[in-house]
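Peer 1: My questions are about this predicted structure, shown below with the sequence.
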Amino acid sequence: MPITRPWTTEDIAKLEKLADEGATLMRASAALRRPSSTVQKKARELGKPLPGVRKVRADLRATGALEEKQK
């Protein structure tokens, strides 16, 4: 059985701040030292879902900031 760490008010405030700043899921997960699935679940509960890597890359490609790989 995995050991879960309860969310403190400080953790929730930090997650909300990261979401408001536009942080990615991976960045928020690293900052909070929690698994990405846990962070995404809590962010959705708070009504502030975080963009995943695929969404961020797609947005960067759309703006031309990221070039696609040549095969």
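Peer 2: Thanks, I have it.
Peer 1: which residues of the chain score low on pLDDT?
Peer 2: Counting by pLDDT under 70, the chain contains low-confidence ranges at 1-2, 68-71.
Peer 1: Leaving out sequence neighbours, find the closest residue to the residue positioned nearest the centre of it.
Peer 2: Centroid-nearest residue in the chain: L25, 1.5 Å away (criterion: C-alpha atoms, centre = their mean). Nearest residue to L25 in three dimensions, chain neighbours excluded: L50, at 4.3 Å (C-beta to C-beta, 6 or more residues apart in numbering). Quick note: C-beta positions are derived from backbone N, CA and C, even for glycine.
Peer 1: which one is S36 nearest to, not counting chain neighbours?
Peer 2: S29 (4.2 Å).
Peer 1: tell me which element the one you found is part of?
Peer 2: For S29, the element it lies in under DSSP states H and E is helix 25-32.
Peer 1: any idea where the helices of this protein begin and end?
Peer 2: According to DSSP state H, the chain carries its helices in the segments 9-20, 25-32, 36-45, 53-63.
Peer 1: Which of those sits closest to I3?
Peer 2: helix 36-45 (12.2 Å; C-beta to C-beta).
Peer 1: name the helices or strands packed onto the closest one?
Peer 2: Judged by 3 or more C-beta pairs under 8 Å, 6 or more residues apart in numbering; DSSP states H and E, the packing partners of helix 36-45 are helix 9-20, helix 25-32.
Peer 1: Show me which residues of the last one are buried.
Peer 2: The neighbour-count check on helix 25-32 (16 or more other C-beta atoms under 10 Å) flags 25, 28-29, 32 as buried.
Peer 1: Quick check: R34 touching R5?
Peer 2: Yes - the criterion here is C-beta atoms under 8 Å, and R34 meets it with R5 at 7.4 Å.
Peer 1: which one of those two has more residues nearby?
Peer 2: R34 (19 against 10; other C-beta atoms under 10 Å).
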